[in-house]
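Q: Could you look at this predicted model? Sequence included:
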Amino acid sequence: MTTLTVNIEDKKTEKAIKAVLDAFGLDYNVAKDADVAKRPLSKQEQKMYDRLKKTVQEINLYKEGKIELQDARAFLNEL
């Protein structure tokens, strides 16, 4: 099992991340600021944060009709 800690600053982003985790069927826990020590992100944590942030932005652009996403079959064919 792997534990991932993500520090989210606003409710909108929190809701989007929860939706992504739910879509993947992942189990997660939510801890409020009082429960989490403030510290800078490690390089790995920052990289993951940046990837998730980019993913959320792409999902929002897709919802707005500004971009088209690749379907699953095309993605699997690339693998």
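A: In hand now; what should we look at?
Q: Can you report how many residues lie near Ser42?
A: 10 (other CB atoms under 10 Å). In this view, the C-beta of every residue, glycine as well, is placed from N, C-alpha and C.
Q: OK, contacts around it?
A: With contact set as CB atoms under 8 Å, 6 or more residues apart in numbering, Ser42 has no partners.
Q: How much space separates it from Tyr49?
A: Distance of Ser42 to Tyr49, computed by CB to CB, to the nearest Å: 10 Å.
Q: what does Lys66 give?
A: According to CB to CB, Lys66 stands 23 Å off from Tyr49.
Q: which SS state does Ile8 fall under?
A: Per DSSP: H, G, I helix; E, B strand; the rest coil, the secondary structure class of Ile8 is coil.
Q: can you list the weak-confidence ranges in the protein?
A: 33-38 (pLDDT under 70).
Q: longest helix of the chain?
A: helix 43-63 (DSSP state H).
Q: so what secondary structure elements neighbour that helix?
A: Packed against helix 43-63, as judged by 3 or more CB pairs under 8 Å, 6 or more residues apart in numbering; DSSP states H and E, are the following elements: helix 11-23.
Q: tell me the contacts of the residue positioned nearest the centre of the chain?
A: Centroid-nearest residue in the chain: Leu52, 3.6 Å away (criterion: CA atoms, centre = their mean). Contacts for Leu52 (CB under 8 Å, 6+ apart) come out as 6, 17, 20.
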